[in-house]
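Q: return a 3D structure for these sequence lines:
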Amino acid sequence: MQERRKFRRTQAKEKASLESKEGKPHEGTLVDISPSGMRIVSESNIRLGSQLSGKFKILPNSGHFYVLGEVAWIKPAGKDQPQGANEVGIKFSKVSTIPIN
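A: Model (predicted):
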């Protein structure tokens, strides 16, 4: 099978704080990340197509990254995750090391 991703993904396990365009907060755990997007596991009710902004760290001792993006896909999380959790794919429209307004 041919790989469709343009960028290699880096594994991570850090908290991600996200907020919908309407101001609703969403918390999750970063699973992997690339220059074009990230995958998180979240128990929040995040909807497909939602516009999100957020911040996270790739490594515990590094500074925050700030992002704008859209929920590209959602699927149930694996059995090793909390009941009702979902994996959420977010495609970035902007990434910065300073807060994005």
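
Q: when you work out contacts or count neighbours from here on, use the C-alpha atoms and nothing else.
A: Will do.

Q: neighbouring contacts of the helix or strand bottoming out on mean pLDDT in the chain?
A: Each helix and strand of the chain was given a mean pLDDT (mean pLDDT, DSSP states H and E); the minimum falls on strand 10-11 at a mean of 74. Contacts of strand 10-11 from elsewhere in the structure, counted by CA atoms under 8 Å, 6 or more residues apart in numbering, are 31, 32, 33, 34.

Q: and the furthest pair within those?
A: 31 and 34 (10.7 Å; CA to CA).

Q: neighbour-wise, which of those two wins?
A: Legend: neighbour count by other CA atoms under 10 Å for residue 31 and residue 34, higher for residue 31 (21 against 16).

Q: which strand or helix spans the more buried one?
A: strand 25-34 (DSSP states H and E).

Q: same check, this time on residue 66
A: If you go by DSSP H and E, residue 66 is part of strand 65-76.

Q: and what of residue 39?
A: Assigned by DSSP H and E, residue 39 belongs to strand 37-42.

Q: quick revisit: out of the contacts of strand 10-11, which comes closest to residue 16?
A: When those are ranked by distance to residue 16 (CA to CA), residue 31 comes first, at 9.8 Å.

Q: separation between the closest one and residue 23?
A: 23 Å (CA to CA, to the nearest Å).
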